[in-house]
Structure formats: structure tokens, C-alpha cells
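Enquirer: pasting the sequence and the predicted coordinates here, then a few questions.
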Amino acid sequence: MRFRRLLGAILRSVHTDTPSSSPGVQKLAQKILNSSKSAGRKSTRKSQTSGKPVADSGIVKCNISITNYMRNGQCESALSLFNSMPSKTSVSWNSMISGYLSNGRFELAHKMFDQMPHRDLVSWNIMITGCIRNKNLGAAKILFDQMPERDVVSWNALLSGYAQNGYVDEAKRTFDEMPVKNEISWNGILAAYVQNGRIEEARRLFDSKGSWAVVSWNCLMGGYLKKRMLLEARQIFDRMPMRDEVSWNTMISCYAQNGQMEEAKKLFDESPVRDVFTWTAIVSGYVQNGMLDEARRVFDEMPEKNAVSWNAMIAGYVQCNKMDLARDLFEAMSCPNISSWNTMITGYAQNGDIVEARSLFDRMPCRDCISWAAIISGYAQSGHSEEALHMFVEMKRAGEMLNRSAFTCVLSTCAEIAALELGKQIHGRLVKAGLEMGYYVGNALLAMYCKCGCIEEAYDVFGGISDKDTVSWNTMINGYARHGFGKEALKLFQNMERAGMRPDDVTMVGVLSACSHTGLTDTGTTYFYSMDRDYGIIANAKHYTCMIDLLGRAGRLDDAQNLMRNMPFEPDAASWGALLGASRIHGNAELGEKAAKMIFTLEPWNAGMYVLLSNLYASSRRWREVGEMRLKMRDTGVRKVPGYSWVEVQNKIHTFSVGDTTHPQSHQLYAFLEELDLRMKQEGYVPATKFVLHDVEEEEKAHMLKYHSEKLAVAFAILNVPAGRPIRVIKNLRVCEDCHTAFKYISKIVGRLIILRDSNRFHHFNDGVCTCGDYW
DNA sequence: ATAGGGTTAG
């Protein structure tokens, strides 16, 4: 999921290549200056006719060279030419500043701007644009307010800055305040709506005015493309008084991206011009529709290719996990850009080859935030959370800035490994960068807080999202449900309806699981049977699983089985899993065994099932079967996923496995656990030894339970997290039942809130009770 | 063909 988003981010980001500067610049500067001496007079005469002071033509030629060097990314050459100039105009300075900015050298540009003897209007405008490109809208606004005079360019720059950063209302205010408006201003406000997904408002604005520039027609059409509104886009295309290449390309992309390759091809043949954009649109259209062979055929036919075309083809192979073909193309590219490298890194990471991903990461000539996001996600995804964290720190040290996509990606990594402190830091940097708004980032932030066990903070973020979409509501509703706050989830669902948002199938999974996790059997049943009637949502396997869980929890095992028999599709492993859970809790070993065996048939690789079934046998002392299970696991090569738990303290993740003695504080931990054990027993705790698999003496079993990974993690957190703060522990598997009982006692004894995330849900232990109601 | 603001493909 996250890799898909990352791949999208790669494909959206724009990069400029930076060849190294060439030598012999001094010589060239001298040559230019010498040759221009004779031609100098002419330009002076011209200046008298125009009435404007025009510089010596030698200076002009140097300025042109500076611009050209900068366009080629040769900042050093530009600078030495600039330094060798005996006299300079403001154009010389402005060319340097602008060049630095387009090469991403913000600090150098700013230094030049400060040193410049006479800043003119253009200098200010360049800096404003530079700040905006550097994602520093705040600095742009300060410059705008400071500058001695403003022209329409200044206003347009600010307008587009607001638009690009999601501040549509500020953009509108700026537009209304502008003393003079031109075509670009009008396009700016139109783009503000389009870029921020407000296509209806864009259309209203468009219809309110008679004539628009071709650019604006294209912009509106592009808006419809993003919303996949093909008919509207085509209507605009047909109504356009004039078309340029962009118009054709936008319309062709529109069809290509929506799977209508025949229409795209037709328009491609009709188009008066076919440039790299046109060809690439067709190639990526085939790629996006999974037609790799077609894509490759067109790709090989292309008269000219640029990096984008190559990358589209490579991304196609990566998406289909054909890393060998992707590698062949990547190596055939004359100069791969950052996107090419990023695509390959993402590909290896999603294929589980983190070593190759890292090797490419280390070898790439320069990195951007997507590269970092890719490698961090790769590590997190493959379970190397420590390494993921380490790379976060490295990234900060390298001074890398995150963009919206990278923020989203990194936040979901934080969510996955529950790196809360880090997540909070990222949140802070989001606010600082002025990027905390907007669907994707806002929703990722919300999900991060939910998954890190901070449901209140999640709700704060939820409240701050101005344009809540279905995903925002679903994330919050599901978050409440997973935390065991069923009433809050259902209340939010009612608010959602009141806000006029239409629930979808994901919403209903949240609603049903809220009912299930809170034991609201009747409410859940009512929702389940009214879903289709009220919202046209047909129950899928997940909804049925929620219902089996809901009925099973209430002890209605027969009803649960009946529902399963009447499902319009074959029960999957998850449905049987829900039944197994219910059987286990209500002590129906026979049904549990049947369910577990069904799961074996469906998912022979599912190690968790072997363990669950072993537990089931162990709890009824059927040691022979326990032994058989162990043999079966060995024969099928299935390995039990080792259980481990972790805690984040001061930005560091501390991981524990069962009986762990590797932690530096382990002596202290074991002593503390002994002490807790004693106090728990005084309060009435009895170790649930039936959950120990092995056929050993009771006393030995109790000993084994005492040092489960989650117990070690909780003990560590109590000793290291300042009093008054909640304790947040994460376990990769389901929490052990004995630990669950123990944590209820511990929460009361030490007077702390313990929030435990296991592979299924959240448990909040407080003053002797858990929000799961002891059913999970 | 010297510097600043708007639209398209990954």
C-alpha cells in the first residue's frame, strides 16, 4: 500500500539533472569581455532611443553566459564568471540569485540577495518565488510584506504560493486584494481551486468570466483529469477556441490514465503534434493498465525519449515485480535521474530485497526526500525498525527536507512501528513547513496517532482537518473501534451522516467492529441488515467476519455458524478465525478445532494457526496433539513467528523477546517483575498456566509466563516513562491471555494507564480494567 | 536569445 503511494510520489516529482561544471571558465570570460569591447557602443546608442539605461553589451553577454551556466547546473562556473566581471548590473545579480534558486542552492541565493547593493523589484520577486519553491511560504510572505513596492508579478507569485500549499482561502483573499489583475492572476486563482481538488468552484469561476487564456482551459481540463471526470474534460476540450500541444496531451493522458486506450490512441493519431509528452502519455497509459508488452512496443517506437519515458517503463516493470527487466532498462539508460534510482530502490524494497535496495541507495549520486522515504519504508516494511529509525536520524543529519508525499510515507512508517516521539517530531515539522493541511498528509497524521495509541491526539488532528474526506472519517471511526471506544465510534458515524458524508464499505467495517468490540450485538445486527437498504453497500467478506465475531462474542455460536453457512461466498480464513476466537473464549474446543483445521487447509503457511491450535490442545492438556502440531510445523517448514514487544523511550525503540536478557537493564527488570508478581498475587492474581505450550511442571510454566516479551516491555516502560504519562507497548502478535490479566492488576498496582497495541487491536488498561472487555 | 508570475506526461 505504502509502496504504491511512494511509487506515485516518485512519478509525480520533477527533477533536474545537474552535470558538473566545466573548466576553462576564466578563459571564456576573458574572451567574452575582449570581444565585446568593439560592439559596446551600439547598445549605448540603442539605449537612448528606448529611454532606459542599457548596460554595456559585454555585461549583457556575461549575463547571458551566467544564465546558461545556471541552466546547465554549473553554479561554480557562473560564479567565477560573475566574480571576474569588472562591473555588474542588477541583471547580473538577479541572474545569479535566480540560478542558485533553480539549482536548489537556497542559502547561496539568499546570501547574494543580502549582499546585493541595489535590490530592484525583480530581485524581490525572484526571492519570493525561490522561497515558495523551497517550501517556505512564511519567508515568502515576510519578503512580500517587506518589499518597498510590488507589481502584478509579486502578487501573482504570492497567489500561486498560497495555491500550491493548499491555502485556497488565503489565495482568494490575495486575489481579491490585488490592485491590478492580469491573465496570469486569473489563472492563478483558477489553479488554486483546481490544485486543491475544488473542481466545482473552479468551474463556477470559469463560467463567470467570458474569455480565458489557453493555459486556463488546459488547467480546468487537467482538474477534470485529476478527478477522473472524462466527460467534462472532453466537453472542455471540444469547446476550446484554440488548442496547443498541452491541450492535446492533457486530453490524451486523460483517456490513457482511465483505461480508455482506444480513445487515447485515436486522439494520438488525430493530434497535429506529437512530442515526448504525447508519446509518454501513451506508454504510461499502457503501463497503468497493466499492458506491459504494448507499453514496451510503443516505448521502443518512440522517436525520442527522455528520463520520464524511461522511468514510466521501469516503473511498469517494478509494479509487476519484474525486477530483472526493470534492471535491464535502468542499466541501459544513459543518465538515470533521481526518479530512476528511487523507482529501483522502491522496487527492490517491495520485493523484499532490502539489501539490494540499500546498495542502490548507497551508490546513487545524489538523493532526495523520496529516496530517503523509500529506504526508510523498505526497512520498516521488512521488519528492520531499528534501521528505519537510524535512517530517519541520518536523513535529518543530511539536512533533507520532506515534501508532502515523503511526509505521508514517513508518517505511515511511524504508524507501523509506533514511533510516536518521531511521529510527533514529524508533526512539528509539518506544521513548521505549513503542510499539515490537505487530505493525504492530514489522514496519514491521523492514522499515525491512532496506530501509536494516542486516540485523543488523533481526534485533535481529525478536528483540524478542514476538508474531511471519507478516508478521514473512516480512519477515525476505525481508530475508535480498534481502541475499544465503540460508543465514540458510533457517535462519530452519526456525525458523519449528519455532515452529509456518504459511508462506504470501509466505514461499515469500522461501525460493525465497533459494535463487536464493545459488545453491542443488537445495534451491530441492525446496521448489518440495513447497510444495503440505507447506503447501497453490499456486505463483503469483512462485514461477515465482523458479524461472526459479534455473534460469537455474545456466545451465539450457532447463529454465527448459520450466518457463515448462508454467506454468498465460501468462508475465508478470517471468517474461520473469528469463529475460532469465539470458540476459544466460550470453551468450545470441538468447534475451535474444526475452525482451526479449516484454516490449515486454506492457509497452510499460517504459523499463527498452529500456535492457536496448539494452545487449544494445551489448555485441555492434550499433550500428544500438541506434540503432533510441533511435528507438523517442522514437516511443513512453517516457522512460528517469534513474538516480540517494543517500547519507545526518548526516541529510541527498546525491543524485547521472551526471556530476554540482552537488555542492559534486564537485571533491574527481572527484579521488578518479581516484586510485581508478589504484589499481584496478594491482589488475587493466578497465573494462567494453561497457555504455556510445553508439557512441564506448573511452577516452571508460571516462570515462563512471567517473562513474556510484553511483560518485559511493560516493566521497562514503568521504570523509564515519567510518572503520569501513559505507557505504550506494542506487540507483533496477539497479546497472551495471562499477560492481559496481569496488566489489569499491574495498572491498578502502579496506578498507570497502559496502552497495548497487539496485532489485532488496542487494549487500554486502567485501574484494573481493559477497554476490550476481556474479549479480543 | 540577459533576470521575476500561470497549464500537460512518470
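Expert: Arrived safely.
Enquirer: next one, pLDDT for the closest residue to DNA strand B within the stretch 501-650 of chain A please.
Expert: Among residues of the stretch 501-650 of chain A, the one nearest DNA strand B by Cβ to the nearest atom of the strand turns out to be A:D504. It sits 25.1 Å away. Heads up, the C-betas are built off the backbone N, CA and C, glycines and all. Residue-level confidence at A:D504 comes out at 91, pLDDT.
Enquirer: next: A:K632.
Expert: The predicted local confidence for A:K632 is 79.
Enquirer: what's the burial count for it?
Expert: A count of nearby residues for A:K632, using other Cβ atoms under 10 Å, gives 16.
Enquirer: what about the helix or strand A:M344 falls within, average pLDDT?
Expert: Under the assignment given by DSSP states H and E, the secondary-structure element containing A:M344 is helix A:338-350. For helix A:338-350, mean pLDDT rounds to 92.
Enquirer: and that helix, what does it pack against?
Expert: For helix A:338-350, the helices and strands in contact under the criterion 3 or more Cβ pairs under 8 Å, 6 or more residues apart in numbering; DSSP states H and E are helix A:2-12, helix A:307-319, helix A:323-332, helix A:354-363, helix A:369-381.
Enquirer: so for A:Y535, which of the ones you listed sits nearest?
Expert: Set against A:Y535 and scored by Cβ to Cβ, the helices and strands packed on helix A:338-350 come closest in helix A:2-12, at 26.9 Å.
Enquirer: got the buried residues for stretch A:329-340?
Expert: Of the residues in stretch A:329-340, those buried under the neighbour-count criterion (16 or more other Cβ atoms under 10 Å) are A:329-330, A:336-340.
Enquirer: ugh, wrong one, I meant stretch A:665-676
Expert: Going by neighbour count (16+ other Cβ under 10 Å), the buried part of stretch A:665-676 is A:666, A:669-670, A:672-673, A:676.
Enquirer: how about stretch A:639-654?
Expert: Across stretch A:639-654, burial judged by 16+ other Cβ under 10 Å covers A:643-649, A:653-654.
Enquirer: in chain A, which spans are strands?
Expert: Shown for chain A, the strands assigned by DSSP state E span residues A:644-649, A:652-657, A:727-731, A:754-757, A:762-766, A:769-770.
Enquirer: closest to DNA strand B out of the ones you listed?
Expert: Taking Cβ to the nearest atom of the strand as the criterion, strand A:652-657 is the member of the strands of chain A that comes nearest to DNA strand B, at 34.3 Å.
Enquirer: re earlier: kindly present the strands of chain A as CSV, with separate columns for mean pLDDT and distance to DNA strand B.
Expert: CSV is the format used below for the strands of chain A (pLDDT from 0 to 100; distance: least, Cβ to the nearest atom of the strand, whole Å):
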stretch, mean pLDDT, distance to DNA strand B
strand A:644-649, 88, 36
strand A:652-657, 85, 34
strand A:727-731, 92, 35
strand A:754-757, 94, 35
strand A:762-766, 92, 38
strand A:769-770, 92, 47
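Enquirer: out of those strands, which gets nearest to A:L579?
Expert: Among these, the nearest to A:L579 by Cβ to Cβ is strand A:762-766 (22.0 Å).
Enquirer: could you dump the strands of chain A into JSON lines and include distance to A:A415?
Expert: Converted to JSON lines, the strands of chain A look like this (distance: least, Cβ to Cβ, whole Å):
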{"stretch": "strand A:644-649", "distance to A:A415": "13"}
{"stretch": "strand A:652-657", "distance to A:A415": "14"}
{"stretch": "strand A:727-731", "distance to A:A415": "11"}
{"stretch": "strand A:754-757", "distance to A:A415": "10"}
{"stretch": "strand A:762-766", "distance to A:A415": "13"}
{"stretch": "strand A:769-770", "distance to A:A415": "22"}
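Enquirer: now for these, which one comes closest to A:A349?
Expert: Each of those has some distance to A:A349 by Cβ to Cβ; the shortest is strand A:652-657, at 19.9 Å.
Enquirer: residues contacting that closest one, please?
Expert: Outside of strand A:652-657, the residues that reach it under the criterion Cβ atoms under 8 Å, 6 or more residues apart in numbering are A:385-386, A:389, A:417, A:419, A:642-648, A:663, A:709-710, A:712-713, A:716.
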